[in-house]
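> Structure, please.
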Amino acid sequence: MLDIVSSIHIQLNDSMYIKDPESSELGKRIIGGSIDLIHEIGFEQFTFRKLSQTISSTEASIYRYFESKHKLLLYLTAWYWSFMECQLAFLTTNVEDPNDRLDRAIRLITSVASDEEFYRVFNLGKITQIVNYESMKSYLIKEVDEVNKDGAFIPYKKFVEMISDIIEEINPAYPYPHMLVSTAIEGAHLQRFFGEHLPRLTDVKKGEDYLYDFYKDIIIKAIKK
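Here you go, the predicted structure:
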């Protein structure tokens, strides 16, 4: 499936960047280097100065693409949700049974890509972990309403909407489809983080993944007619 999805160019809202990083070799190095560096040291410790040293460039050259590291994080998370939307579309196209489509969606939101999987310059394993650990920092900010008006969260909203539509198809009377889907997505991120670092807060163990069974159980029971 990755080979099929890779044929699609993901176009993002230009409010997140000054110059499209996929339009040049330097821009691609900025994206690839930022994914590696944020994955290695975390978003709090990440700076454009450190990135410039990693990719053998200058801070000024990075600022020609992104005005801040927060805008760069918005770009990475928006790209991820756009990619997830493409994957979900391919997984559910021509699948008539909405229960089967929902099962595929749950598997998608609870799965983890490996570091060996790439989409152009995007290491899918690393960007998945960045979204798991850092994506809340893209919207849990004082300026969230302004960022939202610029359309930065549209890919995430569309992904949630796609799964919510499946739930409404199964049970049109269920009143909380968007709440259920966004809770499952964010909860899966937190539970995976807890499994790695705070194991007493979860039943997910390192090296094992119970997230699919757990969230399928919650979602199916919640929407049962």
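
> list the buried ones in the longest helix seen in the chain?
The residue-count maximum for a helix in the chain (DSSP state H) belongs to helix 69-92. Neighbour counts over helix 69-92 (16 or more other C-beta atoms under 10 Å) mark 69-88, 91-92 as buried. Just so you know, the C-beta spots here come from the backbone N, C-alpha and C atoms, and that holds for glycine as well.

> May I ask which helix or strand of the protein has the lowest mean pLDDT?
Using mean pLDDT, DSSP states H and E, helix 2-5 stands out as the lowest-scoring helix or strand of the chain, at a mean of 50.

> who does the next helix or strand after it touch, helix- and strand-wise?
Sequence order places helix 25-41 as the next helix or strand after helix 2-5, per DSSP states H and E. Counting contacts by 3 or more C-beta pairs under 8 Å, 6 or more residues apart in numbering; DSSP states H and E, helix 25-41 is packed against helix 48-54, helix 69-92, strand 122-123, helix 124-134.

> Distance from the last one to the middle of the chain?
Going by C-alpha atoms, centre = their mean, to the nearest Å, the spacing between the C-alpha centre of helix 124-134 and its chain's C-alpha centre is 7 Å.

> quick one: average confidence on that helix?
Average pLDDT, helix 124-134: 92.

> Okay, buried residues for the helix or strand that it is followed by please.
For helix 124-134, the following helix or strand on the C-terminal side (DSSP H and E) is helix 136-139. The neighbour-count check on helix 136-139 (16+ other C-beta under 10 Å) flags Ser138 as buried.

> Just list what helix 136-139 packs against, helices and strands only.
Going by 3+ C-beta pairs under 8 Å, 6+ apart, helix 136-139 lies up against helix 69-92, helix 144-149.

> How about residues contacting it?
43, 70, 73-74, 77, 147-148, 152-153, 186, 189 (C-beta atoms under 8 Å, 6 or more residues apart in numbering).

> Kindly report the same for stretch 46-54.
Residues from elsewhere that reach stretch 46-54 (C-beta under 8 Å, 6+ apart): 30, 33-34, 36-38, 41, 58-59, 61-63, 66, 69.

> that older thread, now the longest helix of the chain, how far from the chain's geometric center?
How far helix 69-92 lies from its chain's middle: 5 Å, per C-alpha atoms, centre = their mean.

> and the angle for that helix with helix 124-134?
Put simply, helix 69-92 runs at 120 degrees to helix 124-134, going by axes from the mean of the first three to the mean of the last three C-alpha atoms, to 10 degrees.

> mind checking which of the helices and strands packed on helix 25-41 is nearest Ser182?
Nearest to Ser182, of all the helices and strands packed on helix 25-41, is helix 69-92, at 11.7 Å by C-beta to C-beta.

> could you dump that closest one to CSV, C-alpha only?
Taking C-alpha atoms only, helix 69-92 is exported to CSV below (Å, rounded to 0.1, in the frame of the first residue of the first chain):
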residue,chain,number,x,y,z
LYS,A,69,10.2,25.9,15.0
HIS,A,70,6.5,25.8,16.0
LYS,A,71,5.6,26.4,12.3
LEU,A,72,7.9,23.5,11.4
LEU,A,73,6.1,21.3,14.0
LEU,A,74,2.8,22.3,12.5
TYR,A,75,4.1,21.3,9.0
LEU,A,76,5.3,17.9,10.2
THR,A,77,2.0,17.1,12.0
ALA,A,78,-0.1,18.3,9.2
TRP,A,79,1.9,16.3,6.7
TYR,A,80,1.4,13.2,9.0
TRP,A,81,-2.4,13.6,9.1
SER,A,82,-2.6,14.1,5.4
PHE,A,83,-0.6,11.0,4.9
MET,A,84,-2.9,9.1,7.3
GLU,A,85,-5.9,10.4,5.4
CYS,A,86,-4.4,8.9,2.1
GLN,A,87,-3.7,5.6,3.8
LEU,A,88,-7.2,5.4,5.2
ALA,A,89,-8.7,6.2,1.8
PHE,A,90,-6.8,3.4,0.2
LEU,A,91,-7.6,0.9,3.1
THR,A,92,-11.4,1.6,2.9
